[in-house]
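Enquirer: What follows is a protein structure lacking sequence information:
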(Lines give C-alpha, C1' and ligand atoms only; values in the text may rest on other atoms or scores of the structure.)
Protein backbone atom coordinates (compact mmCIF):
# COMPACT_ATOMS: atom_id res chain seq x y z
CA UNK A 1 0.00 0.00 0.00
CA UNK A 2 1.03 3.58 -0.54
CA UNK A 3 3.12 5.16 2.21
CA UNK A 4 4.28 8.74 2.54
CA UNK A 5 7.24 10.06 4.49
CA UNK A 6 8.09 13.71 5.14
CA UNK A 7 11.67 14.87 5.54
CA UNK A 8 13.40 18.17 6.12
CA UNK A 9 14.75 20.50 8.80
CA UNK A 10 12.88 20.64 12.07
CA UNK A 11 14.08 24.17 12.84
CA UNK A 12 13.93 27.18 10.53
CA UNK A 13 14.91 30.76 11.33
CA UNK A 14 12.44 33.61 10.93
CA UNK A 15 12.39 35.18 7.45
CA UNK A 16 14.01 32.08 5.91
CA UNK A 17 12.44 29.45 3.67
CA UNK A 18 10.91 26.25 5.00
CA UNK A 19 11.62 23.29 2.70
CA UNK A 20 10.11 19.83 3.07
CA UNK A 21 10.07 16.75 0.87
CA UNK A 22 7.60 13.89 0.80
CA UNK A 23 8.65 10.50 -0.57
CA UNK A 24 5.99 8.22 -2.02
CA UNK A 25 6.50 4.46 -1.77
CA UNK A 26 4.41 1.41 -2.54
CA UNK A 27 2.34 2.87 -5.33
CA UNK A 28 2.07 5.09 -8.36
CA UNK A 29 2.52 8.83 -8.24
CA UNK A 30 -0.08 9.29 -10.97
CA UNK A 31 -2.89 10.34 -11.26
CA UNK A 32 -3.25 12.04 -7.95
CA UNK A 33 -3.24 15.41 -6.21
CA UNK A 34 -0.21 15.49 -3.91
CA UNK A 35 -1.13 17.65 -0.99
CA UNK A 36 0.37 19.50 1.95
CA UNK A 37 -1.58 20.20 5.15
CA UNK A 38 -0.36 21.71 8.40
CA UNK A 39 -1.45 21.80 12.04
CA UNK A 40 -0.13 24.37 14.52
CA UNK A 41 0.46 22.91 17.99
CA UNK A 42 -2.87 22.33 19.74
CA UNK A 43 -4.89 23.64 16.81
CA UNK A 44 -6.83 22.37 13.82
CA UNK A 45 -5.88 21.35 10.30
CA UNK A 46 -5.10 23.83 7.52
CA UNK A 47 -4.92 22.93 3.82
CA UNK A 48 -1.81 24.41 2.16
CA UNK A 49 -2.14 23.26 -1.43
CA UNK A 50 -1.48 20.54 -3.99
CA UNK A 51 0.27 19.61 -7.21
CA UNK A 52 -1.52 17.34 -9.67
CA UNK A 53 0.38 14.56 -11.43
CA UNK A 54 -1.11 12.80 -14.43
CA UNK A 55 0.73 10.30 -16.57
CA UNK A 56 4.30 11.42 -17.10
CA UNK A 57 3.67 15.10 -16.52
CA UNK A 58 2.91 17.28 -13.56
CA UNK A 59 -0.15 19.40 -13.93
CA UNK A 60 -1.37 22.43 -12.16
CA UNK A 61 -0.97 23.61 -8.62
CA UNK A 62 -3.47 25.19 -6.29
CA UNK A 63 -2.66 27.01 -3.06
CA UNK A 64 -4.48 28.41 -0.07
CA UNK A 65 -5.13 32.13 -0.68
CA UNK A 66 -3.71 32.94 2.75
CA UNK A 67 -0.35 31.39 1.81
CA UNK A 68 -0.31 31.78 -1.97
CA UNK A 69 2.26 34.58 -2.06
CA UNK A 70 4.78 32.51 -0.08
CA UNK A 71 4.21 28.87 -1.06
CA UNK A 72 5.40 26.64 -3.86
CA UNK A 73 4.82 22.90 -4.41
CA UNK A 74 6.81 20.92 -6.94
CA UNK A 75 7.32 17.28 -7.91
CA UNK A 76 10.19 15.06 -9.01
CA UNK A 77 8.46 12.13 -10.70
CA UNK A 78 11.69 10.18 -11.25
CA UNK A 79 12.26 10.09 -7.50
CA UNK A 80 8.56 9.87 -6.59
CA UNK A 81 8.94 12.89 -4.37
CA UNK A 82 7.06 16.14 -4.02
CA UNK A 83 8.22 19.20 -2.14
CA UNK A 84 6.94 22.21 -0.24
CA UNK A 85 8.65 25.57 -0.01
CA UNK A 86 7.29 28.30 2.24
CA UNK A 87 9.20 31.56 2.24
CA UNK A 88 9.53 34.40 4.74
CA UNK A 89 8.44 32.23 7.65
CA UNK A 90 7.43 33.56 11.04
CA UNK A 91 6.57 31.91 14.35
CA UNK A 92 3.00 31.56 13.07
CA UNK A 93 4.27 28.97 10.58
CA UNK A 94 5.35 26.66 13.39
CA UNK A 95 3.31 23.50 12.86
CA UNK A 96 3.27 19.81 12.12
CA UNK A 97 3.39 19.53 8.34
CA UNK A 98 1.68 16.55 6.71
CA UNK A 99 2.00 15.34 3.16
CA UNK A 100 -0.90 13.36 1.78
CA UNK A 101 -2.49 11.97 -1.35
CA UNK A 102 -5.79 13.38 -2.52
CA UNK A 103 -7.79 10.94 -4.59
CA UNK A 104 -9.91 12.69 -7.20
CA UNK A 105 -12.04 15.26 -5.45
CA UNK A 106 -13.31 12.88 -2.83
CA UNK A 107 -10.81 12.08 -0.13
CA UNK A 108 -7.33 12.54 1.31
CA UNK A 109 -5.68 9.20 1.96
CA UNK A 110 -3.13 8.19 3.03
CA UNK A 111 -1.30 10.77 5.13
CA UNK A 112 2.33 10.88 6.12
CA UNK A 113 3.17 10.70 9.80
CA UNK A 114 3.85 14.43 9.91
CA UNK A 115 6.93 16.44 10.76
CA UNK A 116 7.17 19.28 13.27
CA UNK A 117 8.77 22.43 11.94
CA UNK A 118 9.60 25.11 14.48
CA UNK A 119 10.34 28.67 13.40
CA UNK A 120 12.73 30.21 15.87
CA UNK A 121 16.02 32.05 15.95
CA UNK B 1 -14.34 30.72 0.72
CA UNK B 2 -16.56 28.03 2.23
CA UNK B 3 -16.54 27.86 6.02
CA UNK B 4 -17.07 24.55 7.84
CA UNK B 5 -18.57 24.68 11.33
CA UNK B 6 -18.39 21.60 13.51
CA UNK B 7 -20.37 20.96 16.67
CA UNK B 8 -19.88 20.25 19.41
CA UNK B 9 -16.23 21.25 19.83
CA UNK B 10 -15.88 18.54 22.45
CA UNK B 11 -17.94 15.82 24.07
CA UNK B 12 -17.62 13.11 26.67
CA UNK B 13 -19.49 9.83 26.37
CA UNK B 14 -19.47 6.35 27.82
CA UNK B 15 -18.38 3.18 26.09
CA UNK B 16 -21.34 1.85 24.14
CA UNK B 17 -22.98 5.25 23.70
CA UNK B 18 -24.17 6.55 20.35
CA UNK B 19 -22.22 9.68 19.40
CA UNK B 20 -23.19 12.23 16.77
CA UNK B 21 -20.99 15.00 15.38
CA UNK B 22 -22.33 17.66 13.05
CA UNK B 23 -20.64 19.65 10.32
CA UNK B 24 -22.32 22.58 8.59
CA UNK B 25 -21.08 24.25 5.40
CA UNK B 26 -21.58 27.96 4.74
CA UNK B 27 -22.93 27.07 1.30
CA UNK B 28 -24.05 23.92 -0.46
CA UNK B 29 -21.29 21.42 -1.18
CA UNK B 30 -23.34 18.52 -2.64
CA UNK B 31 -21.88 15.44 -0.93
CA UNK B 32 -18.24 16.52 -1.28
CA UNK B 33 -17.41 15.95 2.36
CA UNK B 34 -15.09 13.57 4.17
CA UNK B 35 -14.44 12.78 7.83
CA UNK B 36 -11.09 12.13 9.52
CA UNK B 37 -10.09 10.71 12.89
CA UNK B 38 -6.95 12.00 14.58
CA UNK B 39 -5.82 10.05 17.61
CA UNK B 40 -3.49 11.84 20.04
CA UNK B 41 -0.04 12.33 18.55
CA UNK B 42 -0.97 10.66 15.27
CA UNK B 43 -1.72 11.72 11.72
CA UNK B 44 -5.35 12.02 10.63
CA UNK B 45 -6.98 8.93 9.17
CA UNK B 46 -9.79 8.83 6.61
CA UNK B 47 -13.07 7.40 7.92
CA UNK B 48 -15.80 8.50 5.52
CA UNK B 49 -15.77 10.06 2.04
CA UNK B 50 -18.47 11.37 -0.29
CA UNK B 51 -20.47 12.09 2.87
CA UNK B 52 -21.54 8.50 3.48
CA UNK B 53 -19.04 6.03 1.96
CA UNK B 54 -17.12 4.03 4.54
CA UNK B 55 -13.39 3.81 3.83
CA UNK B 56 -12.11 0.25 3.52
CA UNK B 57 -10.96 -1.16 6.84
CA UNK B 58 -12.90 1.33 8.98
CA UNK B 59 -15.22 -0.31 11.54
CA UNK B 60 -18.89 -0.34 10.59
CA UNK B 61 -19.86 1.52 13.79
CA UNK B 62 -18.80 4.67 11.92
CA UNK B 63 -21.30 6.14 9.48
CA UNK B 64 -21.86 9.42 7.71
CA UNK B 65 -24.88 11.14 6.27
CA UNK B 66 -26.00 14.43 4.79
CA UNK B 67 -25.92 16.48 1.64
CA UNK B 68 -25.90 20.14 0.75
CA UNK B 69 -24.98 22.05 3.90
CA UNK B 70 -25.60 19.69 6.82
CA UNK B 71 -23.63 16.55 7.55
CA UNK B 72 -23.36 14.07 10.39
CA UNK B 73 -20.78 11.57 11.58
CA UNK B 74 -22.20 8.90 13.86
CA UNK B 75 -20.42 6.38 16.04
CA UNK B 76 -23.09 3.80 16.84
CA UNK B 77 -21.37 2.28 19.86
CA UNK B 78 -18.41 4.23 21.23
CA UNK B 79 -15.27 2.21 21.91
CA UNK B 80 -12.22 3.15 24.01
CA UNK B 81 -10.06 3.37 20.89
CA UNK B 82 -12.38 6.06 19.48
CA UNK B 83 -10.80 8.62 21.79
CA UNK B 84 -9.70 11.17 19.20
CA UNK B 85 -10.45 14.45 17.49
CA UNK B 86 -12.67 14.25 14.43
CA UNK B 87 -12.54 16.66 11.49
CA UNK B 88 -14.75 17.19 8.48
CA UNK B 89 -13.34 18.45 5.18
CA UNK B 90 -15.16 20.04 2.26
CA UNK B 91 -13.77 19.09 -1.15
CA UNK B 92 -16.35 20.95 -3.24
CA UNK B 93 -14.20 23.91 -4.19
CA UNK B 94 -10.99 25.73 -3.36
CA UNK B 95 -9.63 26.45 -0.89
CA UNK B 96 -10.36 23.10 0.72
CA UNK B 97 -11.57 23.72 4.27
CA UNK B 98 -11.59 21.65 7.44
CA UNK B 99 -14.02 22.00 10.29
CA UNK B 100 -12.60 23.11 13.63
CA UNK B 101 -12.65 19.60 15.06
CA UNK B 102 -14.60 17.70 17.70
CA UNK B 103 -12.66 16.19 20.56
CA UNK B 104 -14.23 12.97 21.83
CA UNK B 105 -13.41 11.84 25.35
CA UNK B 106 -14.42 8.64 27.11
CA UNK B 107 -16.19 8.96 30.46
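Expert: That came through fine. Bear in mind the structure is a predicted one, so any value in this text is a computation, not a measurement.
Enquirer: need the helix or strand of chain A with the lowest average pLDDT.
Expert: Lowest on mean pLDDT, DSSP states H and E among the helices and strands of chain A sits strand A:57-63, with a mean of 86.
Enquirer: Is there any residue in that one that contacts chain B?
Expert: Yes - counting by C-beta under 8 Å from any C-beta of the partner chain, chain B has neighbours in strand A:57-63: residue A:62. From N, CA and C alone the C-beta is placed, and that goes for glycine too.
Enquirer: moving C-terminal of that strand, what's the next helix or strand?
Expert: Following strand A:57-63 in sequence order, the next helix or strand is strand A:71-76 (DSSP states H and E).
Enquirer: which neighbours does that next one have in its sheet, and in what orientation?
Expert: Sheet pairing of strand A:71-76 (DSSP bridges) gives strand A:81-86 (antiparallel).
Enquirer: Next, the buried residues of the partner strand.
Expert: For strand A:81-86, the neighbour count (16 or more other C-beta atoms under 10 Å in any protein chain shown) marks A:81-84, A:86 as buried.
Enquirer: Please pull up the helix or strand immediately following that strand.
Expert: strand A:95-103.
Enquirer: burial count for residue A:75?
Expert: Per other C-beta atoms under 10 Å in any protein chain shown, the neighbour tally for residue A:75 reads 22.
Enquirer: Spatially nearest residue to it (excluding sequence neighbours)?
Expert: residue A:82 (4.3 Å; C-beta to C-beta, 6 or more residues apart in numbering or on different chains).
Enquirer: Got the confidence number for that neighbour?
Expert: Residue A:82 is assigned 96 on the pLDDT scale.
Enquirer: Then the one 3 residues further on?
Expert: pLDDT recorded at residue A:85 is 98.
Enquirer: Name the nearest residue to it, sequence neighbours excluded.
Expert: In space, and not counting its chain neighbours, residue A:85 is closest to residue A:72: 4.5 Å by C-beta to C-beta, 6+ apart.
Enquirer: in the chain, which residue is closest to the centre?
Expert: Just going to use chain A. The residue lying closest to the centre of chain A (C-alpha atoms, centre = their mean) is residue A:36, at 2.9 Å.
Enquirer: That was the other one, I meant chain B.
Expert: residue B:35 (4.0 Å).
Enquirer: Tell me the bridge partners for the residue nearest to it when sequence neighbours are not counted.
Expert: Once flanking residues are discounted, residue B:35 sits nearest to residue B:48: 4.2 Å by C-beta to C-beta, 6+ apart. Beta bridges link residue B:48 to residue B:35, residue B:54, judged by DSSP bridges.
Enquirer: just residue A:36 next, same as before
Expert: With DSSP bridges as the rule, residue A:36 is bridged to residue A:49, residue A:99.
Enquirer: which parts of chain A sit against chain B?
Expert: A:44-47, A:62, A:64-66, A:98, A:102, A:105-114.
Enquirer: which of those residues are buried?
Expert: So, by 16+ other C-beta under 10 Å, the buried ones in the residues of chain A next to chain B are A:45-47, A:62, A:64, A:98, A:102, A:106-112, A:114.
Enquirer: Return the item of these having minimum pLDDT.
Expert: Lowest confidence among those: residue A:106, with 89.
Enquirer: Hmm, it is touching residue B:31, no?
Expert: No - with contact defined as C-beta atoms under 8 Å, residue A:106 does not reach residue B:31; the gap is 9.4 Å.
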